[in-house]
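In: Here is a sequence together with a model predicted from it:
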There are 2 protein chains.
Amino acid sequence: MNQKIQTRDPELTRARILDAAEALFVEQGFSAVKLSELARAAEVTKSLIHHHFGSKERLWEAVKNRAFERYFTAQMALFEEAGEPDALLLRHSVEAYFHFLRDNPGVVRLFAWTHLEGDSHCGELDHQLVGAGAEWIRQTQQRGLLRQDINPTHVIAVFVMTCTQWFEAKCHHESWPGMGSDEAFLEDFLKIFMEGVTPRD
Amino acid sequence: MNQKIQTRDPELTRARILDAAEALFVEQGFSAVKLSELARAAEVTKSLIHHHFGSKERLWEAVKNRAFERYFTAQMALFEEAGEPDALLLRHSVEAYFHFLRDNPGVVRLFAWTHLEGDSHCGELDHQLVGAGAEWIRQTQQRGLLRQDINPTHVIAVFVMTCTQWFEAKCHHESWPGMGSDEAFLEDFLKIFMEGVTPRD
DNA sequence: CAAATAATTGACCGGCCGGCCAGTTAGGGC
DNA sequence: GCCCTAACTGGCCGGCCGGTCAATTATTTG
């Protein structure tokens, strides 16, 4: 009775390890995570982790790759359901990105850890996305719907960075006197940002 | 010949440990730093570290406290040499903050580590600074030199967060297609930001 | 159905981690 | 000068870290 499951499912095992590892790495960072702790959390033996991933470093790589791929496809999906390039669409993109980060705090922390490691991998994954977004802003600029004296990539960078830092440094800013809620901040940021990228009449 | 220094200077020893610890913690983060490595870097015995700071955790606290105090006084100094509140002064504040971060990469990384730890201490140190800055923006708003429909604290947050993330996530964004230099980005950000906070004619 | 392959286990390892302690030495107060 | 405090040293320790290995068992292949 109560004997261990006899059936084997290597893919599920890998997934269990990856899931548990992602949770721990995201929470504590690479070097603070202990394989013994991870093994307990994933309900596998420590040896099994080595069997499937070789080493702690390679497991970390696998975790990052999987998470970034998820991030990338999610962003790509958001992007592809976009309509005609105009200023309103830019506003919706900012809102979508902000809410995506709000709903995926793990992604935010993962970014922070990899930035501290100097890992440029996640940035490279963005190339398509940023390239397409910049092209899209360029078109809007040519239509006269956005001011033309700003580098389109910088437009993206400004809103991406503001949204990211809002969630990365929440513990830092949330105690600031007068600081509002997520939505209040987003609204004020959009006021500044949209006014800033709109051409003068 | 070549004998160890006989003279004792506990304050200098503390400083040597703190300096070496700051360098290592900033680079690698708390848990990746080994006390043996730190002892070598600071040219002291491991025991001496424990003698002066008690434990690795308390040393980390001491490092953060000292660095944040330095940060705070540097910012306070910048702030106090400011003149009459107007829009140009806001622009200069953004530039000053941006260049401060560029010239103090250690501060940027320290912020990132503490954010990941959920440490709200650095945010609390900012209270005075942010309170004063917000008050200052409020005055400028009342003079009609900045638009009045935006929370002053959010104005500060937007530029602080953009500057911070620019340097924190440099490895992420610098490979983006079309991304410009520090100065080019700052210029474009200022175009958006200043236009966004200026009242319509 | 046998043989090969892959998944899984538990025991084990060398190394080093943070921390401790007994002892030594310098310096400041009296 | 003497003593007490505090700075400083070297050696040591228990524990656990990431990683290995031989043995066992399920699954796939042919």
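Out: Yes, it's here. Numbers count the residues shown, from 1 in each chain, chains lettered A, B, ... in the order given.

In: going forward, measure contacts between C-alpha atoms and count neighbours the same way
Out: OK.

In: How many residues are close by residue A:58?
Out: Residues contacting residue A:58 under the criterion other C-alpha atoms under 10 Å in any protein chain shown number 13.

In: Tell me the pLDDT of it.
Out: What the model reports as pLDDT for residue A:58 is 97.

In: What distance do you get for it to residue A:121?
Out: In this view, residue A:58 and residue A:121 are 14 Å apart by C-alpha to C-alpha, to the nearest Å.

In: One more: residue A:70?
Out: With C-alpha to C-alpha as the criterion, residue A:70 and residue A:121 are 14 Å apart.

In: Kindly report the residues of chain A close to DNA strand D.
Out: Residues of chain A found near DNA strand D (C-alpha under 7 Å from any atom of the strand) are A:6-9, A:31, A:33-37, A:46-47, A:50, A:54-57.

In: How many residues are close by the closest residue to residue A:30 other than its chain neighbours?
Out: Nearest non-adjacent residue to residue A:30, counting by C-alpha to C-alpha, 6 or more residues apart in numbering or on different chains: residue A:60, 7.1 Å away. The tally of other residues near residue A:60 (other C-alpha under 10 Å) stands at 18.

In: now do residue A:126
Out: By the criterion of other C-alpha under 10 Å, residue A:126 has 21 neighbours.

In: And residue A:57, by the same measure?
Out: 12.

In: Next, it: secondary structure please.
Out: Secondary structure assignment for residue A:57 (DSSP: H, G, I helix; E, B strand; the rest coil): helix.

In: from memory residue A:189 sits against residue B:158, does it?
Out: Yes. Contact criterion C-alpha atoms under 8 Å: residue A:189 and residue B:158 qualify, at 6.8 Å.

In: Which one's more surrounded, residue A:70 and residue A:121?
Out: Taking other C-alpha under 10 Å, residue A:70 and residue A:121 do not tie; residue A:121 has more neighbours (16 against 13).

In: Quick check: phi and psi on that one?
Out: Backbone dihedrals for residue A:121, given as degrees, to the nearest 10, come out at phi -60, psi -50.

In: Once you drop chain neighbours, what's closest to it?
Out: Distances taken as C-alpha to C-alpha, 6+ apart place residue B:172 nearest to residue A:121, at 7.6 Å, with adjacent residues excluded.

In: Output the helix or strand containing that neighbour as CSV, restricted to C-alpha atoms.
Out: Residue B:172 is part of helix B:170-173 when elements are defined by DSSP states H and E. Output of helix B:170-173 as CSV, limited to C-alpha atoms (Å, rounded to 0.1, in the frame of the first residue of the first chain):
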residue,chain,number,x,y,z
LYS,B,170,21.5,48.0,-20.2
CYS,B,171,22.5,44.5,-21.2
HIS,B,172,18.9,43.9,-22.3
HIS,B,173,18.3,46.9,-24.4
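
In: Contacts for the helix or strand that comes right after that helix next, please.
Out: As assigned by DSSP H and E, the chain's next helix or strand after helix B:170-173 is helix B:182-197. Residues from elsewhere that reach helix B:182-197 (C-alpha atoms under 8 Å, 6 or more residues apart in numbering or on different chains): A:150-151, A:154-155, A:158, A:191-197, B:87, B:91, B:95, B:98, B:146-147, B:155, B:159, B:179.

In: Make a ChimeraX selection of the buried ones in those.
Out: Filtering those down to the buried ones (16 or more other C-alpha atoms under 10 Å in any protein chain shown) takes a single ChimeraX command:
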select /A:150,151,154,155,158,191,192,193,194,195,196,197 /B:87,95,98,146,147,155,159,179
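
In: Please consider this matter closed, and thank you.
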